[in-house]
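Undergrad: coords below, sequence missing:
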């Protein structure tokens, strides 16, 4: 991925650079042991590199069984997924028709005969509401004639999280269970969008923002009611862009094939689009996601056979949203633990790196008590945060701190409220208590903010986490946030690029 502050990038891979050399040989005969690729990336403060290889042939997609996992296609898809990030560079060194020389996201595709590779950005400027539910992607296509049949292959490589807004979108799972009542996620979502828009620009037309938000809710409730809201709306918006791209470049009479891929948030969006295109009989679809989060509560998610999710079971990202909240992924998981199975390969690829650290994603019990399901994430909880100070100035300073780091309270969680109240203790001394009323969604945002701050300053992140742990009145919240804070290093390792390269090299 062009690691543009995605989940792992924000912690560990912020300045990554990739150099992958490839061949276009028939993949059945391709010698992967040749190690024709080298990947350079950043882990923490270290610039590192390791060897790998991949190959591409049109036969991976034309006439191939899209319900059968293809290790060769997984290798190729991972290169596209990594290349889409704007801080990563994929350079073909062997037989490259057009070597890449800059971080342009698109040059790679010309080496495999793809045309019109286009980097597409969903911009907050194009929307009034839900402006955090965005993504970027690369679209490309090629026309191939086999016998008497013409095929048009399209690729969609979706970028992972870019910037704080998309991090918050990652944890806005949505709820569509009570649309007939007045206390719905739709109403909350509209209020949220108005508050966020007003915080950014006090002259905004709040009625228009609310109307667009409710329209978005209607689209999702009708067509994506089981899906994670932050991923699904980004997928819907991206698919609208892709439909226009197809209309512009479509070859008359050609059979259409689509390869969808991405890492992290990009994999989640590709996962949902994989479901959309498997349901569309006009297309033959292939979907390969890397570090795919859970995306849906659909009971038939496993019935989708053209979608494959490559999972490092140490990686916490792949365990969110929680299975306890009934979330799953579309398709089939191809998974293994780097820690349990491939630590020797990790050491062989990265001999100068310290021992691999797992995020311990197999155990998420410390998060289970935060909510029982997706609906409860948006239920108000009073008295969940409380801090008492000797002076009003101290209390107001703490309130200002929370409004700064408090997950952009007005912009990201306007349903939550904090206030300072004066009181007198048993000795007659004045005290000032900062209290908070919010939903579990707010708590998820606090975990996000801890990770985001850690990418800038571990000291700032530690101060933030300490403040929140001190203020939470519930042991569940204290333990969950404290445990998460202790997993930052493991998160950086287990979500990192080498893990997913190792997996695609080994999973069959």
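TA: Right, received. Where do you want to start? Keep in mind that what you see is a predicted model, and the values were worked out from it rather than measured.
Undergrad: and the one residue sitting closest to the centre of the chain, what does it touch?
TA: For the chain, the residue nearest the mean C-alpha position is residue 265 (1.7 Å; Cα atoms, centre = their mean). Applying Cβ atoms under 8 Å, 6 or more residues apart in numbering, we find residue 265 in contact with 6-7, 135, 158-161, 166, 169-170, 231, 234, 293. All C-beta atoms are positioned from the backbone trio N, CA, C, and that covers glycine.
Undergrad: quick one: the strands in the stretch 1-150 of the chain?
TA: Taking DSSP state E, counting those that start in this stretch as the test, the strands found in the stretch 1-150 of the chain are 37-43, 46-52, 115-121, 136-146, 149-158.
Undergrad: if we can go back for a sec, select from the contacts of residue 265 every entry located in helices.
TA: Counted as lying in helices by DSSP state H, out of those, are 7, 166, 169, 170, 231, 234.
Undergrad: include pLDDT when you put these into JSON lines, please.
TA: What follows is the ones in helices among the contacts of residue 265, written out as JSON lines (pLDDT from 0 to 100):
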{"residue": "7", "pLDDT": "34"}
{"residue": "166", "pLDDT": "87"}
{"residue": "169", "pLDDT": "87"}
{"residue": "170", "pLDDT": "90"}
{"residue": "231", "pLDDT": "97"}
{"residue": "234", "pLDDT": "97"}
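Undergrad: residue 210 - how many residues pack around it?
TA: Neighbourhood size, residue 210 [other Cβ atoms under 10 Å]: 20.
Undergrad: tell me which element it falls in.
TA: Secondary structure from DSSP states H and E places residue 210 in helix 206-223.
Undergrad: quick check: buried residues in that helix?
TA: Residues 206, 209, 210, 212, 213, 214, 216, 217, 220, 221 are the ones in helix 206-223 that count as buried (16 or more other Cβ atoms under 10 Å).
Undergrad: need those in CSV (columns: pLDDT and distance to residue 81).
TA: Shown next, in CSV, are the buried residues of helix 206-223 (pLDDT from 0 to 100; distance: Cβ to Cβ, whole Å):
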residue, pLDDT, distance to residue 81
206, 78, 38
209, 82, 33
210, 81, 36
212, 87, 31
213, 85, 31
214, 83, 34
216, 88, 27
217, 86, 30
220, 91, 25
221, 86, 30
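Undergrad: give the residue spans of the stretch 1-150 of the chain that score low on pLDDT.
TA: 1-48, 87-104 (pLDDT under 70).
Undergrad: wait, residue 160 touches residue 270, no?
TA: No: assessed by Cβ atoms under 8 Å, residue 160 is found out of contact with residue 270, at 10.4 Å.
Undergrad: re earlier: burial-wise, tell me which of the strands of the stretch 1-150 of the chain comes out on top.
TA: Among the strands of the stretch 1-150 of the chain, strand 149-158 has the highest mean neighbour count (mean count of other Cβ atoms under 10 Å), at a mean of 22.
Undergrad: neighbouring strands - and their directions - for it?
TA: strand 136-146 (antiparallel), strand 255-263 (parallel) (DSSP bridges).
Undergrad: ok, which of these comes nearest residue 474?
TA: strand 255-263 (33.9 Å; Cβ to Cβ).
Undergrad: quick one: that closest one to chain centroid distance?
TA: From the chain centre to the centre of strand 255-263 is a distance of 18 Å (Cα atoms, centre = their mean, to the nearest Å).
Undergrad: in the next helix or strand after it, what's buried?
TA: Going down the chain from strand 255-263, the next helix or strand is helix 265-278, by DSSP H and E. Judged by neighbour count (16+ other Cβ under 10 Å), helix 265-278 contains these buried residues: 265-278.
Undergrad: okay, the angle between helix 265-278 and strand 136-146?
TA: 40 degrees (axes from the mean of the first three to the mean of the last three Cα atoms, to 10 degrees).
Undergrad: check which helices and strands the helix or strand following helix 265-278 sits against.
TA: Per DSSP H and E, the first helix or strand lying C-terminal to helix 265-278 is strand 283-290. With contacts defined as 3 or more Cβ pairs under 8 Å, 6 or more residues apart in numbering; DSSP states H and E, the secondary structure elements packing on strand 283-290 are helix 71-83, strand 255-263, helix 265-278, strand 307-312.
Undergrad: who touches residue 422 in this structure?
TA: Here residue 422 is in contact with 392, 430, 431, 432 (Cβ under 8 Å, 6+ apart).
Undergrad: out of those residues, name the ones that lie in strands.
TA: Counting by DSSP state E, these place 430, 431, 432 in strands.
Undergrad: can you list those in CSV and add neighbour count, distance to residue 484 and pLDDT?
TA: Shown next, in CSV, are the ones in strands among the contacts of residue 422 (neighbours: other Cβ atoms under 10 Å; distance: Cβ to Cβ, whole Å; pLDDT from 0 to 100):
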residue, neighbour count, distance to residue 484, pLDDT
430, 11, 36, 90
431, 16, 31, 92
432, 20, 29, 94
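Undergrad: which one of those is nearest residue 58?
TA: Nearest to residue 58 among the ones in strands among the contacts of residue 422, with distances taken as Cβ to Cβ, is residue 432, at 69.3 Å.
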